[in-house]
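Asks: Any chance you could fold what I've pasted below:
(chains A and B)
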Amino acid sequence: ELAVGNTVRRVLHIIKEEDISFTAVGIEGLSVTAVSDDECDSGNDDRPTLSAAVLASHARNALRAPSLQTLLDDIPVSTALSHSSSSAGDSDGKTGDKSLKTRKLKHDVIAAIGDLIEEIDTCYDQISEQAVEHIHQNEVILTLGRSRTVKEFLYAAKEKKRSFRVFVAEGAPRYQGHALAKELVEKGIQTTVITDSAVFAMISRVNMVIVGVHAIMANGGVIAPVGMNMVALAAQRHAVPFVVVAGSHKLCPLYPHNPEVLLNELKSPSDLLDFGEFSNCMNFSTQDGTPLLNVANPTFDYVPPKLVSLFITDT
Amino acid sequence: QVGLQYLSGEVSGGNGRCIAMLLAFREAIKDYSTPPNKTLSRDLTAKVSSYVSFFIECRPLSISMGNAIRFLKNRIAKLPITLSESEAKASLQSDIDRFINEKIVVADQVIVSHAITKVRDDDVLLTYGSSSVVEMILEHAHELGRKFRVIVVDSRPKLEGQGLLRRLVAKGINCTYTHINAVSYIMHEVTRVFLGASSILSNGTVYSRVGTASVAMVAHAFGIPVLVCCEAYKFHERVQLDSICANELGDPDVISKIPGRADLGDLKNWADNENLQLLNLTYDATPSDYVSMIITDYGMLPPTSVPVIVREYRKEQLWV
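Replies: The predicted model follows:
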């Protein structure tokens, strides 16, 4: 699941960020103590070198991407400093310092993750605010399947008293278009349900295609519910803008090399064919043993970037 | 009676409907007797027109049927007055038989023989819906021993592909079945696309089952040749730019009901709600630039030669 991967990456990034800001504070604190040490033991050569070593190791740690294990599992960073016996006292102080540090780090990270969750939840509002600029009076909009982002988008436009009609393509085999149509109608939006095969026929009468997607790839391509490529090609042929609405948590840093195969899931054939009806076709009696009947039921479609006119996100 | 069959959807497919209609006309002519004080030709024409309007009420005519009716009326009008009634009826019946034979049955065989040359070993052929001509091509190629795979693409609400799938698998052809949304996914494996047509219009636009245009478009985007197989009597001199100008509306309730999935009953009371409509188109128009070649009983032509055939065909019809 790509969006989940993105979120995990963001969380890791947050943890690293928090830690870096923490160690930066720590380094400043340490340099203050080093200076005070210098002042205390003016004649002692060990101290300055020790504090320099401490400073250097801390700086090294901060520059190296700290592994999560060291941060969260409370393994003392100061094992690097154990070569100096006089630093024993220092390291004790540092371990105590360290556990306090990790607890504060965890607290900060949890707070930041809470912010991230809130950001994902409220992305719909920010996207919907932009709805008014794009939907004008008496427009005809086409969408496929059911996306919560698109739904909120259309609700917002309706709130602002724009009059428009919506064509909803079913989105076999899950038929989520039906549920979306029901929700839209409850809000008083004029809706027409069409079959997916009729998309090409209807698109000449449509002003705009607005869809929600599963993920957006680094090259601008889009992973969308199956059937979207067909809609995008038809939209390009008739010069109808193809608008993608998605929260920024769906942006992936991955490139799609072979998107049809690699990023797809094949679902059960029972969505398409009844097992009982076709069981007599599933005989394996051919010579090479391959079954005569295969059923392909992909979940996602890849839409290349040149077919997409516009992305609307919450940033 | 045949009209009722159309309504129930038992007889479907351009060729099937046309043949059934012509056979019904033949029966009607056999049972027909001229009322006194009327000429055979005029009265029979009027009778035929009334039959036709009955058919139209059951289900709008397909273009192939329209052409056949025009042919029939033409023949009736051309009957010499000197013929006796029984002779006239016999000649009309033989004309109808000849039409069916030449324009449909033999034409199909010629198309199949042309198209077989285009099916090679290790081909992966894609077809949409259920077309009688394409089915014949596939069966014939399989009998000739060519090794190929077939991908049957289907769509709601008719789900005609399932019938085709069953028949092909029964013949032992290796098949894959998907729904129309998955064409982009499956198209990278395909080598050729075979489509049937209800009619071909004068500017090369292919008028056929809804969804054909989408399949042709995706095939074109992937650079795969699209071959349309159509008998010549289905050509028409009308021109249509898109699918909405002239189309047939099917039953909208079929969209709301999904067989086998009782849990998705969201649109059960769609008629109660004035904001909600269901649209069920039957046909759509595929632009000619998506079609690589049209295979007819006159040979294999590019879509731009269709007006030529229309012209020739009209002339020939007068002499048939």
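Asks: show me where the chain has strands.
Replies: No chain specified, so I'll use chain A. Remark: strands assigned in chain A by DSSP state E are A:139-144, A:164-169, A:190-194, A:208-212, A:215-216, A:222-225, A:242-245, A:293-295, A:300-303, A:310-312.
Asks: try again with chain B
Replies: Using DSSP E, the strands of chain B run over residues B:123-128, B:148-154, B:174-179, B:192-196, B:199-200, B:206-209, B:226-229, B:276-279, B:283-286, B:293-296, B:299-301.
Asks: coming back round to it: per-stretch mean pLDDT over the strands of chain A, give me the minimum one.
Replies: Among those, strand A:293-295 carries the lowest mean pLDDT, a mean of 75.
Asks: do it and chain B meet?
Replies: Yes. Between strand A:293-295 and chain B, judged by Cβ under 8 Å from any Cβ of the partner chain, the touching residues are A:293-295. All C-beta atoms are positioned from the backbone trio N, CA, C, and that covers glycine.
Asks: where does chain B dip in pLDDT?
Replies: Chain B contains residues with pLDDT under 70 at B:1-14, B:31-40, B:58, B:81-83, B:254, B:256-273, B:314-320.
Asks: Output the strands of chain B in a markdown table; the columns should cover mean neighbour count.
Replies: A markdown table is the format used below for these (neighbours: other Cβ atoms under 10 Å in any protein chain shown):
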| stretch | mean neighbour count |
| --- | --- |
| strand B:123-128 | 23 |
| strand B:148-154 | 23 |
| strand B:174-179 | 23 |
| strand B:192-196 | 25 |
| strand B:199-200 | 26 |
| strand B:206-209 | 26 |
| strand B:226-229 | 24 |
| strand B:276-279 | 19 |
| strand B:283-286 | 26 |
| strand B:293-296 | 23 |
| strand B:299-301 | 15 |
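Asks: got a markdown table for the ones you listed, with distance to residue A:141 too?
Replies: Below are those laid out as a markdown table (distance: least, Cβ to Cβ, whole Å):
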| stretch | distance to residue A:141 |
| --- | --- |
| strand B:123-128 | 27 |
| strand B:148-154 | 27 |
| strand B:174-179 | 24 |
| strand B:192-196 | 30 |
| strand B:199-200 | 32 |
| strand B:206-209 | 26 |
| strand B:226-229 | 30 |
| strand B:276-279 | 15 |
| strand B:283-286 | 20 |
| strand B:293-296 | 36 |
| strand B:299-301 | 40 |
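Asks: Of all the ones you listed, which one comes closest to residue B:243?
Replies: strand B:283-286 (4.0 Å; Cβ to Cβ).
Asks: packing partners for that closest one?
Replies: Secondary-structure packing of strand B:283-286 (3 or more Cβ pairs under 8 Å, 6 or more residues apart in numbering or on different chains; DSSP states H and E): helix A:199-202, strand B:206-209, helix B:212-221.
Asks: same thing but 10 Å
Replies: Packing partners of strand B:283-286 (3 or more Cβ pairs under 10 Å, 6 or more residues apart in numbering or on different chains; DSSP states H and E): helix A:199-202, strand B:199-200, strand B:206-209, helix B:212-221.
Asks: Does chain A have contacts with the last one?
Replies: Yes. Using Cβ under 10 Å from any Cβ of the partner chain, helix B:212-221 reaches chain A at B:212-218, B:220-221.
Asks: Within range of chain A, give me the residues from the stretch 51-200 of chain B.
Replies: So the stretch 51-200 of chain B meets chain A at B:128-129, B:149, B:151-159, B:161-162, B:165-166, B:168-189 (Cβ under 10 Å from any Cβ).
Asks: let's go with 6 Å and repeat that
Replies: B:155-156, B:169, B:174-182, B:184-186 (Cβ under 6 Å from any Cβ of the partner chain).
Asks: If we go by neighbour counts, what in stretch B:45-54 is buried?
Replies: In terms of neighbour count (16 or more other Cβ atoms under 10 Å in any protein chain shown), stretch B:45-54 has its buried residues at B:48, B:51-52.
Asks: Could you list which residues are in contact with the nearest residue to residue A:5 once chain neighbours are set aside?
Replies: Distances taken as Cβ to Cβ, 6 or more residues apart in numbering or on different chains put residue A:252 closest to residue A:5, at 7.0 Å, once the chain neighbours are dropped. By Cβ atoms under 6 Å, 6 or more residues apart in numbering or on different chains, the residues touching residue A:252 are A:2, A:6, A:215, A:217.
Asks: Of these, which pair is most distant in space?
Replies: Most distant of the contacts of residue A:252, by Cβ to Cβ, are A:6 and A:217, 11.1 Å apart.
Asks: Among those two, which residue is more densely surrounded?
Replies: When residue A:6 and residue A:217 are compared for neighbours, residue A:217 comes out ahead with 22 against 19, by other Cβ atoms under 10 Å in any protein chain shown.
Asks: State the pLDDT value of the residue nearest to the more buried one when sequence neighbours are not counted.
Replies: Excluding the flanking residues, the one nearest residue A:217 by Cβ to Cβ, 6+ apart is residue A:256, at 4.9 Å. As predicted, residue A:256 sits at a pLDDT of 75.
Asks: and residue A:256, how far is that from chain B?
Replies: Going from residue A:256 to chain B by Cβ to the nearest Cβ, to the nearest Å gives 13 Å.
Asks: Test my guess that that residue contacts residue A:218.
Replies: No. With contacts counted by Cβ atoms under 6 Å, residue A:256 stays clear of residue A:218, the gap being 8.4 Å.
Asks: Tell me which of those two has more neighbours.
Replies: Counting neighbours by other Cβ under 10 Å for residue A:256 and for residue A:218 shows that residue A:256 has the greater number, 19 against 11.
Asks: Next, that one: phi, psi?
Replies: Phi and psi for residue A:256, reported as degrees, to the nearest 10, are phi -90, psi 110.
Asks: tell me, how many neighbours does the closest residue to residue A:165 other than its chain neighbours end up with?
Replies: Closest residue in space to residue A:165, ignoring its immediate chain neighbours: residue A:190 at 4.6 Å, by Cβ to Cβ, 6+ apart. Using other Cβ under 10 Å, the number of residues around residue A:190 comes to 16.
Asks: now do the one 4 residues further on
Replies: With neighbours defined by other Cβ under 10 Å, the count for residue A:194 comes to 24.
Asks: who's in contact with it?
Replies: The contact partners of residue A:194, by Cβ under 6 Å, 6+ apart, come to A:167, A:169, A:202, B:279.
Asks: now, among those, which is nearest to residue B:199?
Replies: residue A:202 (20.5 Å).
Asks: So which of the strands of chain A is nearest residue A:123?
Replies: Nearest to residue A:123 among the strands of chain A is strand A:242-245 (9.7 Å), distances taken as Cβ to Cβ.
Asks: can you list contacts of the closest one?
Replies: Against strand A:242-245 from outside (Cβ under 6 Å, 6+ apart): A:127, A:149-150, A:153, A:209-210, A:212-213, A:222, A:232, A:235, A:308-312.
Asks: quick one: strands adjacent to that strand?
Replies: strand A:208-212 (parallel), strand A:310-312 (parallel) (DSSP bridges).
Asks: re earlier: farthest pair within the contacts of residue A:194?
Replies: Spatially, the most separated pair among those is A:169 and B:279, at 10.5 Å (Cβ to Cβ).
Asks: Surely residue A:170 touches residue A:177?
Replies: Yes. Counting by Cβ under 6 Å, residue A:170 touches residue A:177, with 4.1 Å between them.
Asks: Between these two, tell me which one has more neighbours.
Replies: Just comparing residue A:170 and residue A:177: by other Cβ under 10 Å the higher neighbour count belongs to residue A:170, 31 against 26.
Asks: Let me see the contact set for the more buried one.
Replies: A:177, A:195-196.
Asks: mind redoing it with 8 Å?
Replies: Each residue near residue A:170 by Cβ atoms under 8 Å, 6 or more residues apart in numbering or on different chains is listed here: A:145, A:177-178, A:193-196, B:156, B:255.
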